[in-house]
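Visitor: Model the structure of this input:
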Amino acid sequence: MLLVNLAIFIAFLLLLAQLYRKTEKLGQTVFIGLLLGLLFGAVLQSAFEKPLLDKTLDWINVVGNGYVRLLQMIVMPLVFVSILSAIARINQTRSLGKVSVGVLSTLLITTAISAAIGIAMVHLFDVSAAGLIVSDRELAAQGKVLDKAGQVSNLTVPAMLVSFIPKNPFADLTGANPTSIISVVIFSALLGVAALSLGKEDQALGERIAQGVETLNKLVMRLVRFVIRLTPYGVFALMIKMAATSKWADIVNLGNFIVASYAAIALMFVVHGILLFFVKVNPVDYYKKVLPTLSFAFTSRSSAATIPLNIETQTAKLGNNNVIANFAATFGATIGQNGCGGIYPAMLAVMVAPMVGIDPFSFSYILTLIFVVAISSFGIAGVGGGATFAAIVLLSTLGLPLELIGLLISIEPLIDMGRTALNVNGAMVAGTITDRLLNK
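Guide: Next up, the predicted model:
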């Protein structure tokens, strides 16, 4: 049966390839791949025992995980070269400061709004931490959460800011540190400013540097486009794995929290649309253009892996300035994540507050919670296991118990898909709003 399953999988891949060749519509093909993967994964889970299912998924993961690794491969070269190339073409270095302020302020403001929406959904759906069943898996997860809490117990906001400053840019280019992406952004920006300074002193030298950087940028972007064309097949394989490994009993038991989470995520997408409307961007047209990128973020559960698609979408489809697109995509993957850094930790903080005698809906507690969420999202969400670390930092700061994070481990992948899509959309919205406000 393993060969039969793989034959069906390959047939679906060929079908997607044929569909893409005929339509040349990447977004449409990605969406069809998502639906086919969901159906095929559900059939695999219901029709086969775990040993055969695991063997099948091992081979299917070659496509899904392989695609994610290809995206991870091009993240650092893309961030470094594209930002360096874009800044080398800026006439005034002070424009860089405006871009940074615009992107970061939008990310943090939307994170605060997402936290408020998460709090409201907990109240609306009457979600509570009381009565949750603790199984062996949840108990084991609690132990892991406490171990991670020890890793971030001394991770203050000033320490995180210092970690952004690159100490060894060559190590950061390998992704050696949790904040490597931002460090690479800073290093490439400083290198771009140095190129501008040299160009002012020696115009001929400046032109040679600019031409060399632009040539390298075109080479990397061509590689990026090669990888992006594989998106339908990667999404198809990733969705199969998700559907085939989800435990539906866990989903039913914790359904109220799942519904509240996705209601908050959906409302935040609406808020993004309203903010875009205020800067004269049609929300409907916007979401049509970004759907393929959101689909990949949804299935991959990785904001960092979505950076190449994020930048490509902002520049090619939304018409955002290259510098702004790069800053929004890279900073948005590690700062002010609306889903992982905003909604999720805020909901947990409200759910566990009554366990220690705190009224979670008092005005002072809500204000404190929203403020701490916005500040703690500054970099914490970019550390491995973003939502978990964001929740650990928030609950530790407020003196709340951490056990709930472990209790929700069984449904974490399902909710994390929607959170990641929201994170990526928040980054693209920040780039689009900044682009329109600065008028390029």
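
Visitor: what about the longest helix in this protein?
Guide: Using DSSP state H to define each element, the chain has its longest helix at helix 50-88.

Visitor: same question for that one, mean pLDDT?
Guide: Looking at helix 50-88 alone, the average pLDDT works out to 83.

Visitor: Following the chain onward from that helix, which element is next?
Guide: For helix 50-88, the succeeding helix or strand toward the C-terminus, using DSSP states H and E, is helix 94-124.

Visitor: who does that following helix touch, helix- and strand-wise?
Guide: Packing contacts for helix 94-124, counted by 3 or more CB pairs under 8 Å, 6 or more residues apart in numbering; DSSP states H and E, involve helix 255-278, helix 322-332, helix 344-352, helix 363-376, helix 412-438. To be clear about C-beta, it is placed using only N, CA and C from the backbone, and glycine gets the same treatment.

Visitor: Tell me how far the longest one lies from the chain's centre.
Guide: The one in question is helix 412-438. Distance of helix 412-438 from the chain centroid (CA atoms, centre = their mean, to the nearest Å) equals 7 Å.

Visitor: Please apply the same query to the third one.
Guide: Taking the mean of its C-alpha atoms, helix 344-352 sits 20 Å from the chain's own mean (CA atoms, centre = their mean).

Visitor: the inter-axis angle of it versus helix 94-124?
Guide: Orientation check (axes from the mean of the first three to the mean of the last three CA atoms, to 10 degrees): helix 344-352 against helix 94-124 gives 30 degrees.

Visitor: Report the angle between helix 344-352 and helix 363-376.
Guide: 150 degrees.

Visitor: between helix 344-352 and helix 255-278, what angle do the directions make?
Guide: Interaxial angle, helix 344-352 versus helix 255-278 (the same axes, to 10 degrees): 140 degrees.

Visitor: quick one: contacts of helix 344-352?
Guide: Contacts with helix 344-352, where a contact means CB atoms under 8 Å, 6 or more residues apart in numbering, come from 114-116, 118-119, 121-123, 127-129, 257, 260-261, 264, 360-361, 369-370, 373, 376, 387, 390-391, 393-395, 398, 400-401, 403-405, 408, 415, 419.

Visitor: mind redoing it with 7 Å?
Guide: Surrounding helix 344-352, the residues in contact under the criterion CB atoms under 7 Å, 6 or more residues apart in numbering are 115, 118-119, 121-122, 127-129, 261, 360, 369, 373, 387, 390-391, 394-395, 398, 400-401, 404-405, 419.

Visitor: residues in contact with the closest residue to residue 332 other than its chain neighbours?
Guide: Beyond its immediate neighbours in the sequence, the residue positioned closest to residue 332 (CB to CB, 6 or more residues apart in numbering) is residue 427, lying 2.4 Å away. Residue 427 makes contacts with 310, 328, 329, 332, 333, as judged by CB under 7 Å, 6+ apart.

Visitor: ok, residue 17 - how many residues close by?
Guide: Burial of residue 17 is recorded as 13 neighbouring residues (other CB atoms under 10 Å).

Visitor: A helix includes it, no?
Guide: Yes: Residue 17: assigned to a helix according to DSSP: H, G, I helix; E, B strand; the rest coil.

Visitor: Now stretch 66-82: buried residues?
Guide: Taking 16 or more other CB atoms under 10 Å as the basis for neighbour counts, the residues of stretch 66-82 that come out buried are 67-68, 70-71, 74-82.

Visitor: okay if I get those as JSON lines plus distance to residue 280?
Guide: Putting the buried residues of stretch 66-82 into JSON lines (distance: CB to CB, whole Å) gives the following:
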{"residue": "67", "distance to residue 280": "36"}
{"residue": "68", "distance to residue 280": "36"}
{"residue": "70", "distance to residue 280": "36"}
{"residue": "71", "distance to residue 280": "32"}
{"residue": "74", "distance to residue 280": "33"}
{"residue": "75", "distance to residue 280": "31"}
{"residue": "76", "distance to residue 280": "35"}
{"residue": "77", "distance to residue 280": "34"}
{"residue": "78", "distance to residue 280": "29"}
{"residue": "79", "distance to residue 280": "29"}
{"residue": "80", "distance to residue 280": "33"}
{"residue": "81", "distance to residue 280": "32"}
{"residue": "82", "distance to residue 280": "26"}
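
Visitor: Which one of the residues you listed is nearest to residue 206?
Guide: Proximity of those to residue 206 was ranked by CB to CB; the top entry is residue 81 with 17.6 Å.

Visitor: got the contact list for the closest one?
Guide: Residues counted as contacts of residue 81 (CB under 7 Å, 6+ apart) are 216, 217, 220.

Visitor: For PyMOL, write the selection for the buried entries among those residues.
Guide: One line in PyMOL is enough to select the buried ones among these; burial here means 16+ other CB under 10 Å:
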select buried, resi 216+217+220
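
Visitor: phi, psi of the closest residue to residue 87 other than its chain neighbours?
Guide: In space, not counting the residues next to it along the chain, residue 87 is nearest to residue 192; the distance is 2.9 Å by CB to CB, 6+ apart. Per-residue torsions, residue 192: phi -60, psi -40 (degrees, to the nearest 10).

Visitor: OK, contacts around residue 192?
Guide: Applying CB under 7 Å, 6+ apart to residue 192 gives the contacts 83, 84, 87, 88.

Visitor: how does it look with 6 Å?
Guide: The neighbourhood of residue 192, defined by CB atoms under 6 Å, 6 or more residues apart in numbering, consists of 84, 87, 88.

Visitor: Top of those residues by number of neighbours, please.
Guide: When neighbours are counted as other CB under 10 Å, the busiest of these turns out to be residue 87, with 26 neighbours.

Visitor: ok, that one to residue 312 distance?
Guide: With the distance defined as CB to CB, to the nearest Å, residue 87 ends up 19 Å from residue 312.

Visitor: same question, residue 277
Guide: Summarising the geometry, the distance separating residue 277 from residue 312, computed by CB to CB, is 24 Å.

Visitor: In terms of neighbours, single out the busier of these two.
Guide: residue 312 (20 against 12).

Visitor: so the more buried one is in which element?
Guide: Residue 312 is part of helix 307-312, with elements assigned from DSSP H and E.

Visitor: Does anything pack onto that helix? Which helices or strands?
Guide: Contacting helix 307-312 under the criterion 3 or more CB pairs under 6 Å, 6 or more residues apart in numbering; DSSP states H and E are the following elements: helix 50-88, helix 283-300, helix 322-332.
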